[in-house]
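In: Okay, structure incoming, though there's no sequence with it:
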């Protein structure tokens, strides 16, 4: 029998030492169930990637017996998107944050996918009355969540002065730089125009692309935001065309009318053999994009390892991919799915080391040596460690994809430097 925790204070009162858990058969304390929230956009064009992430996490939890140490683990899925917006939504992110805090036996959150949503939720989770509620993201790449970037970052996300956020993926200063290096070294471009979607993530990755592009000797002709509410972008690209770019960088997420943006880019500027188009991982993992004829030849960066790389290297990632394909008939729609599992591994390790309370689950990540997952068990196939002073991960992998024959194909790993 599994009994739900009525309140986290009751955990301490019941004396949840490791030896006491799972002893219900001998008259001792019954096993405890702790909840890990999953906070993702489950509507709109991100639906396929988010569903794959949820499914991969559920599959992995089944493989480890649904436990972390002596605790039973339950996954609770939260949707941070709306049908009207077709993507993540500010007010829904706020509501979810409050619900995470109100769910007393929820001790960690895996998410969010969008950095802007994380920036809304973090201060709320950080001030949970029974201790900061840990968040570990598989997809947030905006640097300001963990390190100085924009004004008052990252301190404003941690009003208790205690860190409570970690991630298992590289940040945008690396991704933007890799895209700029790709533009120069592989694509031999000379003049780039930069667009961003006006959101936290898009502005950040565009900013890092511009800095590295200029360092590499590329002329950046200009930067502006595209409005996701516009029916078309022909006027925007007509204006850009007059400056004769040979490269277009689109910093943002496909959710923000990216399909129309790409359609009109090709209509006005020409296909991707004429004006090279490069995007960040906010454009990866979308079947709709891959089916667009105008997307053919578009290069994409991803702040991690591609599924193809993990399968080829063998190990835990390849085994999970094989099990996923056997169960669902195809590989995950997005490489972010495996990073969701890697984030879950960090959370489960923290729970296993803890006394089951929110405060202690969080503190295991941000004190001492923090959390380390050895390569033999890490789904990414390499030693994973979380820096307890920042919450950033030790690995900084970048992959390059190219859309070809209506598929998002792995092109090459990108060495930084």
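Out: Happy to help now that I have it. This structure is a prediction, so every number in the text was calculated from the model and none was measured.
In: How is this structure partitioned into domains?
Out: Listed by automatic domain parsing, the domain ranges of the chain are 2-171+313-385, 172-302+398-413.
In: Can you give the distance of the first one from its chain's centre?
Out: Looking back up the chat, that one is domain 2-171+313-385. 12 Å (CA atoms, centre = their mean, to the nearest Å).
In: Equivalent analysis for stretch 177-192, please.
Out: Distance, stretch centre to chain centre, for stretch 177-192: 25 Å (CA atoms, centre = their mean).
In: Next, the buried residues of it.
Out: For stretch 177-192, burial by neighbour count (16 or more other CB atoms under 10 Å) applies to 177-184, 189, 192. To be clear about C-beta, it is placed using only N, CA and C from the backbone, and glycine gets the same treatment.
In: Need the domains of the chain in JSON lines (columns: mean pLDDT and distance to residue 391).
Out: Output for the domains of the chain, formatted as JSON lines (pLDDT from 0 to 100; distance: least, CB to CB, whole Å):
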{"stretch": "domain 2-171+313-385", "mean pLDDT": "90", "distance to residue 391": "4"}
{"stretch": "domain 172-302+398-413", "mean pLDDT": "97", "distance to residue 391": "15"}
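In: For residue 82, give its distance to residue 303.
Out: Note on residue 82: its distance to residue 303, by CB to CB, to the nearest Å, is 26 Å.
In: Please look at residue 122 and residue 163 and confirm they touch.
Out: No. Contact criterion CB atoms under 8 Å: residue 122 and residue 163 do not qualify, at 10.1 Å.
In: what about stretch 215-224, distance to the chain center?
Out: Remark: stretch 215-224 is offset 27 Å from the chain centroid, using CA atoms, centre = their mean.
In: if we look at whichever helix or strand residue 363 is part of, which residues are touching it?
Out: Following DSSP states H and E, one finds residue 363 within helix 358-366. Under the contact criterion CB atoms under 8 Å, 6 or more residues apart in numbering, helix 358-366 has outside partners 8, 106-108, 128, 130-134, 136, 162-164, 166, 346-347, 350-351, 353-354, 370-371, 386, 388-389, 391.
In: Of those residues, grab the buried ones for PyMOL.
Out: The buried residues among the contacts of helix 358-366 can be selected in PyMOL (16+ other CB under 10 Å) with this line:
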select buried, resi 8+106+107+108+128+131+132+133+134+136+163+164+166+346+347+350+351+353+354+370+371+386+388+391
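In: can I assume residue 248 sits in a strand?
Out: Yes. Counting by DSSP: H, G, I helix; E, B strand; the rest coil, residue 248 is found in a strand.
In: how many neighbours does it have?
Out: Counted with other CB atoms under 10 Å, the neighbours of residue 248 add up to 24.
In: looking at the sheet around it, what are its partners?
Out: The partner list for residue 248 in beta bridges (DSSP bridges) reads residue 193, residue 277.
In: Then residue 32?
Out: residue 3.
In: Test my guess that it contacts residue 73.
Out: No. Residue 32 lies out of contact with residue 73 (CB under 8 Å); the separation is 10.0 Å.
In: Tell me how far residue 194 lies from residue 308.
Out: As judged by CB to CB, residue 194 and residue 308 stand 29 Å apart.
In: Show me which of the two is the more surrounded one.
Out: Shown here are residue 194 and residue 308; by other CB under 10 Å, residue 194 has more neighbours (23 against 15).
In: show me what contacts the more buried one?
Out: With CB under 8 Å, 6+ apart, residue 194 has these contacts: 206, 209-210, 220, 222-223, 248-249, 251.
In: how would you label the residue nearest to the spatial centre of the chain: helix, strand or coil?
Out: For the chain, the residue nearest the mean C-alpha position is residue 139 (0.6 Å; CA atoms, centre = their mean). Assigned by three-state DSSP, the conformation of residue 139 is coil.
In: wait, isn't it in contact with residue 171?
Out: No. Assessed by CB under 8 Å, residue 139 is found out of contact with residue 171, at 11.4 Å.
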